[in-house]
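Student: any chance you could fold what I've pasted below:
(one chain, ligands or ions: 2)
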Amino acid sequence: MRKYIVTPSEGPSPFRSSSFRIVALFASCFVISGVTMMILSGYHSLNLLSHQIKQTVANERDEALSGAGIKDVSHLEPVMSQLVRNEPAFYYLLQNAQEHVVVANMFHLRPIPGWRTLSWTHRSLPPDHRPVIGYGLSLQDGGYLFVGIDAEPAQTLRRDLWFMWGWSTIGFIFIGVAGGFILSWLVLGKIEAISQTARDIMSGDMSRRLPLNATDDEFDHLAVSLNAMLERNEALVTSIRQVTDDIAHDMRRPLAHLGQHLEDLSEVSLPPAGTEALSQARDSLDEALEIFSSLLKLAQIEADDRAPDSQTLDVQDLLVTISDLYRPILEDRNQGLDLSMPSLTMHLDGNRVLLTQMLANLLENATNHCPAGSRITLSASALPTTVTVVVSDNGPGIPAHERERVFDKMVRLDRSRSVPGTGLGLSMVRAIVRLHGGQIRLLDNEPGLRCEIDFPRISDVTS
Ligand SMILES: Nc1ncnc2c1ncn2[C@@H]1O[C@H](COP(=O)(O)OP(=O)(O)OP(=O)(O)O)[C@@H](O)[C@H]1O
Ligand SMILES: [Mg+2]
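Tutor: Numbering: from 1, shown residues only. Ligands and ions are numbered 1, 2, ... in the order given. Okay, the predicted model is just below:
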């Protein structure tokens with residue numbers, strides 16, 4: 001079976017996070033659309049105002065020309081004189097062919113025809129340099145007529161628009177980033193809930209289900225589908241477990257009978273080949289019985305939610321007891337056992353029998369899978385909320401890509417085939433660790449295997 005182990009990448013760049021991308025995308029779309037709308041509506045208002053100003057100037061010019069009848073200086077002169085007197089809001093200039101001013105409320109201009117924008121005129125002296133927009137017309141007799149109006153409103157509007165665009169861009173960025181954060185919080189929060197549930201299920205709690213928000217959105221639909229899948233998986237796993245447990249349970253009786261029959265047979269005198277075959281049959285039977293009893297024990301541990309008969313245990317005491325038990329066995333195999341512990345007291349809540357079994361499995365692994373002459377170390381350390389127990393050796397170790405797989409039931413590395421064993425030892429270790437709310441890691445001891453187990457620490461124990 002192929003395994004996919006997801007490990008979070010080390011030191012993830014904040015720019016690669018989904019949160020950053022959602023914020024960046026939302027803020028960019030919001031700012032671009034908002035600013036574009038502002039610019040378009042601003043330009044539209046500006047154009048409308050310019051058009052109105054030009055229309056006013058064109059009306060005034062046409063009125064002057066129709067009042068004169070003929071487009072020359074002599075006919076326009078009386079009309080323009082009257083306009084200069086009566087219409088102070090407009091700028092008028094009538095020049096003859098020699099570019100001499102005939103009638104005007106402004107100074108001389110070069111006779112350029114068409115629409116003109118003057119940055120200021122002599123009529124509006126500093127500090128009041130007001131701009132003028134107007135229309136220049138070449139007359140039939142070589143003269144020149146200019147009619148203009150104050151362009152300050154258009155300039156003010158342009159200035160105000162720049163000011164408004166600047167501030168609204170800042171506002172759009174602020175709202176866009178805040179909106180992006182809220183959006184990412186809403187979306188990623190739901191995704192994180194799914195991840196958390198997946199992590200809980202992976203750490204053994206098959207009963208966990210995804211929460212529903214009653215919003216009937218896509219996330220709810222996804223949660224319903226995933227929950228249905230989890231329901232089915234749990235049912236399948238339970239039924240497989242049940243079948244395994246039943247087989248292990250039901251096979252024990254016929255196997256025990258078989259053992260009894262073999263025992264009876266040993267009392268009958270057999271030829272040497274028969275005695276040899278009988279001894280091999282007994283060994284195989286013992287192995288089968290051991291597998292069944294380990295499977296049953298494991299099934300029982302996995303079925304529990306919490307460690308049964310939990311009590312406060314002194315970690316030092318636990319380690320000293322097990323090392324006293326195993327030191328002679330290891331010495332017989334020419335292996336050494338070191339015990340290293342800090343002087344502070346460390347307590348944890350747990351089942352003494354199960355935790356002793358866990359340490360025994362790890363020590364047996366170290367002694368069985370390491371050659372003679374190896375050194376095995378049992379140690380413990382503590383942080384304010386955690387007690388860490390370490391069993392390490394300087395043997396062949398377990399390759400990194402096998403360190404997750406060896407926890408599976410009946411998995412043994414090829415090189416261990418010659419060593420007796422069932423491949424259930426580490427499965428049981430992990431089940432016991434989980435039952436105590438702990439975490440287990442297999443690491444490289446350079447050389448050898450280092451097994452670290454964290455348990456929740458109990459502080460302030462009064463004895
Ligand atoms: N300390 C170790 N050094 C090297 N390899 C190890 C060590 N501990 C475990 N292994 C490898 O991991 C495999 C699985 O270990 P596990 O304890 O589950 O089974 P086992 O030791 O083979 O059998 P048993 O069920 O009797 O414990 C072993 O077969 C061995 O290949
Ligand atoms: Mg083992």
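
Student: quick check: closest non-adjacent residue to E87.
Tutor: Computed as CB to CB, 6 or more residues apart in numbering, the closest residue to E87 that is not its neighbour in sequence is E60, at 7.4 Å. Quick note: C-beta positions are derived from backbone N, CA and C, even for glycine.

Student: could I get the pLDDT score of that neighbour?
Tutor: Among the per-residue scores, E60 holds a pLDDT of 91.

Student: with the one 5 residues further on instead?
Tutor: The per-residue pLDDT reported for L65 equals 91.

Student: so the residue nearest to E87: helix, strand or coil?
Tutor: Secondary structure for E60, judged by DSSP: H, G, I helix; E, B strand; the rest coil, is helix.

Student: which residues does stretch 159-167 contact?
Tutor: Residues outside stretch 159-167 that contact it (CB atoms under 8 Å, 6 or more residues apart in numbering): 35, 38-39, 42, 45-46.

Student: separation between the residue nearest to E87 and I133?
Tutor: Counting by CB to CB, to the nearest Å, the separation of E60 from I133 is 12 Å.

Student: so for those two, which residues contact both of them?
Tutor: I149.

Student: what's around the residue nearest to G336 when sequence neighbours are not counted, how many residues?
Tutor: The shortest distance from G336 to any non-neighbouring residue, by CB to CB, 6+ apart, is to R375 (4.6 Å). R375 has 16 neighbours, counted by other CB atoms under 10 Å.

Student: does R375 touch G395 like I think?
Tutor: No - applying CB atoms under 8 Å as the test, R375 and G395 come out as separate, 9.3 Å apart.

Student: which parts of this structure sit against ligand 2?
Tutor: For the chain, the residues in contact with ligand 2 (CB under 5 Å from the ion) are 365, 425.

Student: which residues of the chain lie near ligand 1?
Tutor: Neighbours of ligand 1 within the chain, by CB under 6 Å from any ligand atom: 361, 365-366, 368-370, 393, 395-398, 406, 411-413, 416, 421-427, 449.

Student: would you mind measuring from the closest residue to ligand 2 within the chain to A366?
Tutor: Nearest to ligand 2 in the chain, going by CB to the ion, is G425, at a distance of 2.6 Å. The gap separating G425 from A366 is 11 Å, by CB to CB.

Student: before we move on, what about S427?
Tutor: For S427, the distance to A366 - CB to CB - is 17 Å.

Student: quick one: which of these two has more around it?
Tutor: Set S427 next to A366 and count neighbours by other CB under 10 Å: A366 wins out with 26 against 22.

Student: list of residues touching the strand or helix carrying that one?
Tutor: Following DSSP states H and E, one finds A366 within helix 352-369. With CB under 8 Å, 6+ apart as the test, helix 352-369 has contacts from 301, 307, 311, 313, 318-319, 321-322, 325-326, 329-330, 333, 335, 337, 374, 376, 378, 389, 391-393, 395-396, 416, 419-421, 425-426, 428-429, 432-433, 435-436, 449, 451, 453.

Student: what pairs with whatever helix or strand comes next after it, parallel or antiparallel?
Tutor: The helix or strand immediately downstream of helix 352-369 is strand 375-382, counting by DSSP H and E. Taking DSSP bridges as the criterion, strand 375-382 forms sheet pairs with strand 336-340 (parallel), strand 386-393 (antiparallel).

Student: walk me through the domains of this structure.
Tutor: The chain breaks down by automatic domain parsing into domains covering 15-201, 218-303, 311-456.

Student: most tightly surrounded among these?
Tutor: domain 311-456 (a mean of 17; mean count of other CB atoms under 10 Å).

Student: how far out from the middle of the chain is that domain?
Tutor: 34 Å (CA atoms, centre = their mean, to the nearest Å).
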